[in-house]
Structure formats: structure tokens, C-alpha cells
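Novice: here is my input, please return the structure:
(one chain, ligands or ions: 1)
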Amino acid sequence: MQGKYRALRLNENGFLEVIDQTKLPFVTESKVLKTTNEVVEAIKDMTVRGAGVIGSVAAFGIYTACMEVNSYDELKEKALLIRESRPTAVNLMWAVDKMMELLKDSTDLVADAKKYAIELNDEEASESQNIAKYGADIIEEILKKKNKTSINILTHCNAGWLAVIDEGTALAPIYEAAKRGIDVHVWVDETRPRNQGASLTAWELTQSKIKHTIIADNTGGHLMQHGMVDMVITGADRVSANGDVANKIGTYLKALAAFDNDVPFYVAIPASTFDFEIRDGVKEIPIELRSEDEVKYMRGVDSNGEVREVLITPKDSPAINYGFDVTPARLISGLITDKGVCKANYEEIKKRFN
Ligand SMILES: CSC[C@H]1O[C@H](OP(=O)(O)O)[C@H](O)[C@@H]1O
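Specialist: Numbering: from 1, shown residues only. Here you go, the predicted structure:
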């Protein structure tokens, strides 16, 4: 059926259905998003998350909004609600703007939005396959250079198919390398506070039977110091024109440790992640500030298999919860994109993507 991907699909009734990522890895459950408000809430509360999937859901969210309006002007108001649901992943704004541009002269909003949303997602899925191939080539190059037959890759957060349809970005080269018969092991940063690594990346790699070890976020530097990491691959939520990379909080610290230990640090991204409006990512990329409760509470299952949130700090202690940080381009070995691997600098990026 058209519009069907691993993390989301249009169901038989024509509504957007998504995997509820807040329940993984304990419960695999889907959620149908029938209204614009349900789409906005699902992005805000991270039922769906990951820059690419947020963009995918936003595109189908515009289609959902078209079922609620009688004119393009009415649609613009709903589109803004979707566009403003999270501030850092530029794929969200890109998807909404692209859909609204395509629909501006439409005489059948619902039918055209459905068509354009499927086309946009099919293109994202195709780009993800290219990232897989170019990234696996890098993995083979590193193995050859180090004269090794197995590779240890560290990744932060979740940039698999739960985050970018349909192969992911950071995990796409790992899936492709495994398909090529390469012996891959992944160090999985737990990725506090929402544990996208421990809950989502570990779940994905388990499904794909790829060797992995979950580590506390502060472990990566030690592993790199002791030669236990051959490369780092992460995803990204926004890459500025000068090659600075916004990604899940903690990425910058991994890049510093990689730089200090001469470990190749790659960022895998589709073209929709570039933001050419921003020339200095460190200074200008907006960083989402999320609820302090995500730091103060931890999710898990109790002895009855019920998903629970438990307080892990003194009730009255304040916390602050930055969702992302920005890694300067100088710490990045290369950007693995759907058009090949490019250096993280303005000239290279402009030549290939702008
Ligand atoms: C390339 S999409 C994955 C990207 O999105 C994650 O953020 P969140 O889980 O808050 O949506 C994280 O930055 C990942 O690298």
C-alpha cells in the first residue's frame, strides 16, 4: 500500500498511523492520528520523534489538516501549529513549507496533499538507502585502513528507521554493513534523559540481530582513549551552511572525545537537514528546552510489565533539560549524505546542496 513505512503509514481508512515510540521497547503499539491537534501533540510529546520522522509526520499532518479545512487560508493556520510543534529539527519546517508550496494552487487539497506527502516520504526513503550505501563504504574504508575484520561504532541517540524513514541515517550504514557481511558491534549511548539510545536504538539493533552494548553517556570518552571505538556515526536535526551540526544533547562531548583520540566522527543526514539560512550553527541554531521532568523522572516497566515513570531526584530539586547541542564543523570528519560524503564546510556543502 502506498504511504507505508516501518515507523508510520497511512492505514486502510486513510489516516496516519504511527508507532508510539514512548512505549518502546516495552510495548510495540501504534497510534492513529486523525486530527491536526493529535499530530501536533504526537510531535510535542515525542510519540513520534527523530528529525526525519518528524518531517514525515508533518507532511502527512498537512494532509490530515486538509481534511479539516475548506480553503488554503484555513490550512495555513493549521500548518503553522504543526510547523511550531518543535524548534530544532529543521526537517519539520522544511516538510511543512514544501507541502504548503506544492498545495498553494491546488483545487483538491485532500487528494493533492496525500499524493505530495507520499512522494515526499518516498524520496526520504530513497535518500536513506543512499546514505546506507555511502556510509557502509566509509566503514569498509576504515576497516581496510586499520587492517581489521570487525568494527566498533559508537552512536548517540536514535537515528535509525524509527527516526528517519526507512533505513534511518546513522544506523543505515550499520544495517548495510551487516548486510555486506561485515562484523559490526555498536556502542549504544543510553542518551539521557529520554534514553533514545537505550530504549530505541537498542530495540532496533536487537530486531536486526546486530551486536551492541548499551553504555552510560559518560563512557564513550574512556572507550575512545583505549582504542575501543573505530568510528562514531550520529544523525542530526539541523546542519548550518558552515557545517555545524545540531544533534541530541551530548553529541558535542562525543565529538570532542573523538577529536582528542583521532577517532573518525561522521554525521549522516538527508538533504532536508541542511539549513542554508543559518551561517553559524553554534550561535544561531535554536535549541529546544524541554520539561525538567524528563530529567527528574525515568520510564521503565514494573514487575507486572506496566510502563511506569519514577522520580529519580529529590522532588524539589530543580533541573534543566536542553534537548540538543551544536557540534562545530571543525570536529566533524565528514557528512554522509544521500549525494555522497562531503566535508563539513561551507564551500563543499554549497557546491553539493545549495
Ligand atoms: C536524524 S533524526 C534523529 C535525531 O533526532 C533525535 O532527537 P529527538 O529524539 O529529540 O527527536 C536525535 O537528535 C537524533 O540524532
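Novice: what about the helices in the stretch 1-150 of the chain?
Specialist: All helices of the stretch 1-150 of the chain, identified by DSSP state H, counting those that start in this stretch, fall at 36-44, 51-66, 72-83, 90-103, 109-145.
Novice: take those and write them to a markdown table, including distance to the ligand, mean pLDDT and mean neighbour count.
Specialist: (C-beta placed from N, C-alpha, C; glycine too.) What follows is these, written out as a markdown table (distance: least, C-beta to the nearest ligand atom, whole Å; pLDDT from 0 to 100; neighbours: other C-beta atoms under 10 Å):
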| stretch | distance to the ligand | mean pLDDT | mean neighbour count |
| --- | --- | --- | --- |
| helix 36-44 | 9 | 98 | 20 |
| helix 51-66 | 4 | 98 | 29 |
| helix 72-83 | 15 | 98 | 17 |
| helix 90-103 | 8 | 98 | 22 |
| helix 109-145 | 10 | 98 | 19 |
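Novice: any chance of these in a markdown table, plus distance to residue 354?
Specialist: As requested, these are exported to a markdown table (distance: least, C-beta to C-beta, whole Å):
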| stretch | distance to residue 354 |
| --- | --- |
| helix 36-44 | 27 |
| helix 51-66 | 19 |
| helix 72-83 | 22 |
| helix 90-103 | 13 |
| helix 109-145 | 16 |
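Novice: contact residues of the stretch 201-350 of the chain facing the ligand?
Specialist: 234-237, 247-248, 323 (C-beta under 6 Å from any ligand atom).
Novice: mind running it again at 5 Å?
Specialist: Residues of the stretch 201-350 of the chain found near the ligand (C-beta under 5 Å from any ligand atom) are 235, 237, 247-248.
Novice: out of everything not next to it in sequence, what's closest to the residue in the stretch 151-300 of the chain that the ligand sits nearest to?
Specialist: Closest residue of the stretch 151-300 of the chain to the ligand, C-beta to the nearest ligand atom: residue 235 (2.9 Å). Closest residue in space to residue 235, ignoring its immediate chain neighbours: residue 159 at 2.6 Å, by C-beta to C-beta, 6 or more residues apart in numbering.
Novice: and residue 206, how far is that from residue 212?
Specialist: In this structure, residue 206 and residue 212 are 8 Å apart, going by C-beta to C-beta, to the nearest Å.
Novice: that should have said residue 69, apologies.
Specialist: 45 Å.
Novice: now do residue 267
Specialist: 20 Å.
Novice: so which of the two has more stuff around it?
Specialist: A count of neighbours by other C-beta atoms under 10 Å puts residue 267 above the other of residue 267 and residue 212, at 29 against 20.
Novice: assign that one to helix, strand or coil.
Specialist: Following DSSP: H, G, I helix; E, B strand; the rest coil, we place residue 267 in the strand state.
Novice: so what's it up against?
Specialist: 170, 233-236, 239, 245, 247, 327, 332, 334-336, 344 (C-beta atoms under 8 Å, 6 or more residues apart in numbering).
Novice: okay, these in CSV with secondary structure, pLDDT and neighbour count next?
Specialist: Formatted as CSV, the contacts of residue 267 follow (DSSP: H, G, I helix; E, B strand; the rest coil; pLDDT from 0 to 100; neighbours: other C-beta atoms under 10 Å):
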residue, secondary structure, pLDDT, neighbour count
170, coil, 98, 30
233, strand, 98, 26
234, strand, 98, 26
235, coil, 98, 31
236, coil, 98, 31
239, strand, 98, 31
245, strand, 98, 31
247, strand, 98, 29
327, strand, 98, 28
332, coil, 98, 25
334, strand, 98, 20
335, strand, 98, 29
336, strand, 98, 26
344, coil, 97, 25
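Novice: nearest to residue 132, of the residues you listed?
Specialist: Within the contacts of residue 267, proximity to residue 132 (C-beta to C-beta) peaks at residue 336, which comes in at 9.2 Å.
Novice: pick out the residue in the stretch 251-354 of the chain sitting closest to the ligand.
Specialist: For the stretch 251-354 of the chain, C-beta to the nearest ligand atom, closest residue to the ligand: residue 323, 5.5 Å.
Novice: so what's that residue up against?
Specialist: 88, 248-249, 287-290.
Novice: show me where the stretch 151-300 of the chain has its helices.
Specialist: Under DSSP H, counting those that start in this stretch, the stretch 151-300 of the chain gives helices at 172-179, 202-207, 220-225, 251-260, 281-284, 293-296.
Novice: winner for burial among those helices?
Specialist: Ranked by average neighbour count under the criterion mean count of other C-beta atoms under 10 Å, these are headed by helix 172-179 at a mean of 23.
Novice: so which residues make contact with it?
Specialist: With contact meaning C-beta under 8 Å, 6+ apart, helix 172-179 is reached by 128-129, 131-136, 138-140, 151, 153, 155, 160, 164, 167-168, 184, 186, 205, 208, 210, 233, 268, 336.
Novice: tell me the gap between it and the middle of its chain.
Specialist: 17 Å (C-alpha atoms, centre = their mean, to the nearest Å).
Novice: can it be said to contact the ligand?
Specialist: No - if you take C-beta under 5 Å from any ligand atom as the test, helix 172-179 misses the ligand, and the best it gets is 10.2 Å.
Novice: still on that earlier bit, the residue nearest to residue 235: how many residues sit nearby?
Specialist: 33.
Novice: mind checking how far the residue of the stretch 251-354 of the chain closest to the ligand is from residue 315?
Specialist: 23 Å.
Novice: residue 296 now?
Specialist: In terms of C-beta to C-beta, residue 296 sits 8 Å off from residue 315.
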